[in-house]
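Asks: Predicted coordinates and the sequence they were generated for:
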Amino acid sequence: MTAAATQRVAPRADTQPEIRPSTPHAGMGFKQFVAMVAAMMAVNALAIDGMLPALPAIAKALNIVNDNDRQWIVTAYMLGFGSSQLIYGTLADRFGRKPVLLIGLAVYVVFSLMAAAATSFEMLLIARVLQGVGSAGSRVLAVSIVRDCYSGRRMARVMSLSFIVFLAVPVFAPSFGRVIMLVLPWRFIFVGFAVFAVSVIAWVHFKLPETLHPEDRTPISFATTRRNFRFILTNRISIGYTVAMTVLLGGLFGFINSAQQVFYDVFHAEKWFTVLFAMIGLSIAAAALTNARLVERFGTRILSHSALCLYITTATVHAIISVGGGESLAVFAPFLAVQFFCFGLVVSNFGAIAMDPLGHMAGTASSVQGFLTTIGGALCGFWIGQHFNGTDIPLTLGFAGFGIGGFLIVLIVEKGRLFRPTEAGQASVAEFGH
């Protein structure tokens, strides 16, 4: 890695001010930087997926009678995670990325332990909401830190590389939960979440420098916040791709909410749950690796628009098969693998496209986008999950319907001109040696 930063991209005058040269992660190699960003993001993924195999045991221990009520354990976390992201962005733009990140992770640790000690369903839900509040900092700050260092196609590549490591967590998280339950009560799953977060805290504390320049820190004021929010919410590209991503995430959260019931109650495949869940996760990881290799060559729009079209086609065919009564585990798993491969290509690039015009307010932008995508996606996913009726029809229709909705939003945002290559000049904000 070079000791000095190289050239930055000259931003468009209507979107960004000039960005000064720097070495945002001095003393840390590129691979370690990517791995650390992935670990920050994995804090959230572990909290969502790691306890899925434990839902029946939790329901029995806490007297949850209605099976669909178990989904609140996932949704409560997502609501806390999404709603608090607005706060983190403003704080991160004022006080810097590192201290705010560490505080958020500490909150996550405390309420993971509270969830482990919960003696009622209500207490568990409160702990999950506040656990999500702490985890939100890792999501907002991970994206902000990457945007401090990169933009355009290079940012999409870095995010894709981070996703490869990050997605190893949801691939193995259900197995992590199941292995713990073989030797320990379900409560120790939440203890495991806390231990992982403590390790990330130590890594960040000792290795991550502050990536926000002191001169770029924004004072907290109503006028500044209103101006930033207005810019973010009125930028056609940013808000359009954010809303499209929100709709598509509805399908993902619908799957997470109802996956345990689909595998256990529809296909009676309890023993295959962790294996097939891992297969689906690996398909997203494969998409992230593919994207990292291709995005700088073809651009974010060509890849994501093509993947979205394939996603809609696959999801629609799958829904037709499900409604027609031809569904089986042998059909369900391959279709979902293809859908999630496409989903991985779409989301990696939609996130980069939405963030690209907002580099000078990356913290606030990341928090606003995170708030919209998480809250909106969680509510859409909860709506799908609550329609579980002993079949996978609500899930497959949800995938198809929300996929079509996302496509229509992108079509409007791009004014009907899809598959356009991005500007060649959208490269890295700073180059680093490998």
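Replies: In hand now; what should we look at? None of these values were measured; they are calculated from a predicted model.

Asks: For residue 399, pull up the helix or strand it's in.
Replies: Element membership of residue 399 [criterion: DSSP states H and E] is helix 393-413.

Asks: Show the secondary-structure elements that that helix is packed against.
Replies: Packed against helix 393-413 by the contact rule (3 or more C-beta pairs under 8 Å, 6 or more residues apart in numbering; DSSP states H and E) you find helix 236-261, helix 300-323, helix 362-386. From N, CA and C alone the C-beta is placed, and that goes for glycine too.

Asks: want to try TSV for those, with mean neighbour count as columns?
Replies: Output for these, formatted as TSV (neighbours: other C-beta atoms under 10 Å):
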stretch	mean neighbour count
helix 236-261	24
helix 300-323	20
helix 362-386	24
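
Asks: Minimum distance to residue 93: which of these has it?
Replies: Taking C-beta to C-beta as the criterion, residue 93 comes closest to helix 362-386 out of the helices and strands packed on helix 393-413, the separation being 3.9 Å.

Asks: what is the mean pLDDT for the helix or strand in which residue 289 is found?
Replies: If you go by DSSP H and E, residue 289 is part of helix 273-298. With pLDDT averaged residue by residue, helix 273-298 scores 80.

Asks: for that helix, which positions count as buried?
Replies: Residues of helix 273-298 classed as buried by neighbour count (16 or more other C-beta atoms under 10 Å): 273-274, 276-292, 294-296.

Asks: what's in contact with the helix holding residue 399?
Replies: By C-beta atoms under 8 Å, 6 or more residues apart in numbering, the residues outside helix 393-413 that reach it are 236-237, 240-241, 243-245, 247-248, 250-251, 254-255, 258, 262, 305, 308-309, 311-312, 315-316, 318-319, 321-323, 327, 339, 346, 380, 384, 387-388, 418.

Asks: which residues of the chain score low on pLDDT?
Replies: Under the criterion of pLDDT under 70, the regions of the chain flagged as low confidence span 1-27, 151-157, 159-171, 359-360, 362-363, 422-434.

Asks: Grab the longest helix from it for me.
Replies: For the chain, the helix with the greatest residue count under DSSP state H is helix 121-149.

Asks: what about the closest residue to residue 317 other than its chain neighbours, how many residues close to it?
Replies: Distances taken as C-beta to C-beta, 6 or more residues apart in numbering put residue 335 closest to residue 317, at 7.6 Å, once the chain neighbours are dropped. Using other C-beta atoms under 10 Å as the criterion, residue 335 is surrounded by 19 other residues.

Asks: What is the helix holding residue 289 packed up against?
Replies: Under the contact criterion of 3+ C-beta pairs under 8 Å, 6+ apart, helix 273-298 touches helix 152-166, helix 168-183, helix 236-261, helix 300-323, helix 329-355.

Asks: Distance to residue 98 added to these, as CSV?
Replies: Rendered in CSV, the data for the helices and strands packed on helix 273-298 read as follows (distance: least, C-beta to C-beta, whole Å):
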stretch, distance to residue 98
helix 152-166, 18
helix 168-183, 22
helix 236-261, 25
helix 300-323, 28
helix 329-355, 20
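
Asks: nearest to residue 191, of those?
Replies: Nearest to residue 191 among these is helix 168-183 (8.7 Å), distances taken as C-beta to C-beta.

Asks: if we look at the helix or strand that comes right after the closest one, which residues are touching it?
Replies: Under the assignment DSSP H and E, the closest C-terminal helix or strand after helix 168-183 is helix 187-207. Taking contacts as C-beta under 8 Å, 6+ apart, the residues outside helix 187-207 that touch it are 27-28, 32, 36, 39-40, 42-43, 46-47, 50-51, 54, 98, 101-102, 105-106, 108-109, 112-113, 115-118, 131, 138, 176-177, 180-181.

Asks: got the buried residues for the next helix or strand after helix 187-207?
Replies: The helix or strand immediately downstream of helix 187-207 is helix 222-234, counting by DSSP H and E. Of all the residues in helix 222-234, those buried under the rule 16+ other C-beta under 10 Å are 224-225, 228-229, 231-232.

Asks: so helix 222-234 versus helix 362-386, what angle?
Replies: Put simply, helix 222-234 runs at 60 degrees to helix 362-386, going by axes from the mean of the first three to the mean of the last three C-alpha atoms, to 10 degrees.

Asks: who are the neighbours of helix 222-234, in terms of helices and strands?
Replies: Using 3+ C-beta pairs under 8 Å, 6+ apart as the contact criterion, the elements in contact with helix 222-234 are helix 236-261, helix 362-386.

Asks: which residues touch it?
Replies: When contacts are taken as C-beta under 8 Å, 6+ apart, the neighbours of helix 222-234 outside the stretch itself are 90, 218, 238-239, 358, 361, 364-365, 368-369.
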